[in-house]
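Student: Structure of the sequence below:
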Amino acid sequence: MNDWNSQLETEFERAKQARVKKNEGKARVCARRAAGIAVRAYLTRKGIQVPNMSAYDLLNLLRENLELPPEMQSTADHLTMRVNEDFQLPIDTDLVAEARVLCDWLMNEN
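Tutor: Residues are numbered from 1 along each chain as shown. Modelled structure (predicted):
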């Protein structure tokens with residue numbers, strides 16, 4: 001049995017530490033990894049056998065889920081956005097905060 005919650009908290013703690021060190025890129029990676037952990041837990045609870053996939057691929061798989069509410073769909077979209085040449089997202093958003101909301105929803109969704 002996986003301890004999803006402790007894995008999530010570890011990634012969010014890493015994101016927090018990255019922000020303290022002014023490393024927003026690493027914070028975004030940690031946010032995506034946390035979301036990937038929650039997606040895997042969510043799909044597993046739904047009885048879907050999840051192959052070994054990256055957090056990015058898991059988020060893309062989640063985006064195909066028709067049961068996902070629009071606001072969670074939007075968050076999954078944000079978490080899979082690519083950065084520009086300046087390593088900035090094309091939108092102004094806090095991916096760590098968005099990942100936290102998505103993770104909370106996924107971990108509490110039956």
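Student: tell me what the helix or strand harbouring residue 74 is packed against?
Tutor: For residue 74, the enclosing helix or strand under DSSP states H and E is helix 70-79. Helix 70-79 sits against helix 24-45, helix 55-63, helix 95-108, with contacts defined as 3 or more Cβ pairs under 8 Å, 6 or more residues apart in numbering; DSSP states H and E. C-betas here are computed from N, CA, C, even on glycine.
Student: So for residue 10, which of the ones you listed sits nearest?
Tutor: The closest of those to residue 10 is helix 24-45. By Cβ to Cβ, the value is 8.5 Å.
Student: now the angle from the closest one to helix 70-79?
Tutor: Orientation check (axes from the mean of the first three to the mean of the last three Cα atoms, to 10 degrees): helix 24-45 against helix 70-79 gives 130 degrees.
Student: CA atoms only: put helix 24-45 into PDB for me.
Tutor: Extracted in PDB, the C-alpha atoms of helix 24-45 (Å, rounded to 0.1, in the frame of the first residue of the first chain):
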ATOM      1  CA  GLU A  24      10.700  28.600  -9.200                       C
ATOM      2  CA  GLY A  25      11.400  26.000 -11.900                       C
ATOM      3  CA  LYS A  26      12.100  23.300  -9.300                       C
ATOM      4  CA  ALA A  27       9.000  24.400  -7.400                       C
ATOM      5  CA  ARG A  28       6.900  23.800 -10.500                       C
ATOM      6  CA  VAL A  29       8.500  20.400 -11.000                       C
ATOM      7  CA  CYS A  30       7.700  19.500  -7.400                       C
ATOM      8  CA  ALA A  31       4.100  20.700  -7.900                       C
ATOM      9  CA  ARG A  32       3.800  18.500 -11.000                       C
ATOM     10  CA  ARG A  33       5.200  15.500  -9.200                       C
ATOM     11  CA  ALA A  34       2.800  16.000  -6.300                       C
ATOM     12  CA  ALA A  35      -0.100  16.200  -8.800                       C
ATOM     13  CA  GLY A  36       1.200  13.000 -10.500                       C
ATOM     14  CA  ILE A  37       1.100  11.200  -7.100                       C
ATOM     15  CA  ALA A  38      -2.500  12.300  -6.500                       C
ATOM     16  CA  VAL A  39      -3.500  11.400 -10.100                       C
ATOM     17  CA  ARG A  40      -2.100   7.900  -9.600                       C
ATOM     18  CA  ALA A  41      -3.900   7.500  -6.300                       C
ATOM     19  CA  TYR A  42      -7.200   8.700  -7.800                       C
ATOM     20  CA  LEU A  43      -7.000   6.400 -10.800                       C
ATOM     21  CA  THR A  44      -6.000   3.500  -8.700                       C
ATOM     22  CA  ARG A  45      -9.000   4.000  -6.400                       C
END
